[in-house]
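Asks: what follows is a predicted protein model with its sequence.
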Amino acid sequence: MSAPRTFFVGGNFKMNGSQESMKQIVGALNENKLNVDKVETVIFPQNLYLIPTREHVRKDIGVGAQNVHDKKNGAFTGENSAQSLIDAGINYTLTGHSERRTIFKESDELVADKTQFAIEQGLTVVACIGETLAERESNDTIKVVVRQLNALADKVKSWSKVVVAYEPVWAIGTGKTATPAQAQEVHAEIRKWAAERLGAQVAEGLRIIYGGSVNGANCKEFLQFPDVDGFLVGGASLKPEFHTIVNVHTI
Ligand SMILES: O=C(CO)COP(=O)(O)O
């Protein structure tokens, strides 16, 4: 029997925050009693705030970027270097967030290239996947998620530093959460896919977290489901209720 999977809670601040609000968020995280020895907790501020956040937030909370480029440093104006992130103690990144996929037209293949390159450079990657409302309504959820996962698996050589975030696009920022049972159903399919494509051992250790309108009031309901290994939180991560979500096991 392998070790139990460590619960993971990420706070994706997206393109929000100011110097003042970041100070307040970091101050509150530093002051509060958080279950971070049991829950791997990582915040993902905008690029501008990465270094001051890393400098000031407690060391048992990780800091990550929201996006990363798939090539080494060089002539890539406006991009985010994995090497520079590592150099600054920023040890995590998101890849494939649905906002990157839809607004910035990132393909499955580009997301996979970014994921593999970031891993090679030493980052832990939260790779995001998920279906749109139209895809869910046409019963294509599993087909879409498996397509996105297969694209990742074509490039990613080692899965030990990957956390998969299942974020149904229709549940992001809409207040319309997937029910915990809906999340579990897809997470179980993801684990089944992982067992088939990556082997039983990788599947057993792979953390699959849920994102989409998670908040302090609904987070606890997810705990009863065996394949939900944490959350990727958007809006609520900017609020004090993020602490409740990190402490979900004790509320
Ligand atoms: O996109 C998300 C996290 O990456 C989820 O956002 P919300 O929690 O605001 O729905």
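Replies: That came through fine. Numbering: from 1, shown residues only.
Asks: just want the most central residue of this protein.
Replies: The C-alpha lying nearest the average C-alpha coordinate of the chain belongs to Val126 (Cα atoms, centre = their mean; 4.0 Å).
Asks: quick check: it is in a strand.
Replies: Yes. Using DSSP: H, G, I helix; E, B strand; the rest coil, the assignment for Val126 is a strand.
Asks: sketch out the low-pLDDT regions of the protein for me.
Replies: In the predicted model, the chain carries pLDDT under 70 at residues 1-2.
Asks: what segments of it are strands?
Replies: Using DSSP state E, the strands found in the chain span residues 7-12, 39-44, 62-65, 92-95, 124-129, 162-166, 207-211, 230-233.
Asks: could those go into TSV alongside distance to the ligand?
Replies: Placement of C-beta: from N, CA and C, glycine included. Converted to TSV, those look like this (distance: least, Cβ to the nearest ligand atom, whole Å):
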stretch	distance to the ligand
strand 7-12	4
strand 39-44	8
strand 62-65	11
strand 92-95	7
strand 124-129	7
strand 162-166	7
strand 207-211	4
strand 230-233	4
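Asks: picking that back up, just to check, the residue nearest to the centre of the chain is in contact with Tyr166?
Replies: No. Applying Cβ atoms under 8 Å as the test, Val126 and Tyr166 come out as separate, 11.0 Å apart.
Asks: quick revisit: deepest in the core, which of the strands of the chain is it.
Replies: Most buried of the strands of the chain by mean neighbour count (mean count of other Cβ atoms under 10 Å) is strand 230-233; its value is a mean of 28.
Asks: show me the contacts for the residue nearest to the centre of the chain.
Replies: Taking Cβ atoms under 8 Å, 6 or more residues apart in numbering as the contact definition, Val126 lies against 8, 10, 42, 64, 92-95, 162-165, 209, 232.
Asks: show me where the protein has helices.
Replies: Assigned helices in the chain, in chain order: 19-31, 50-56, 82-87, 98-103, 108-121, 133-137, 141-155, 180-198, 200-205, 241-246 (criterion: DSSP state H).
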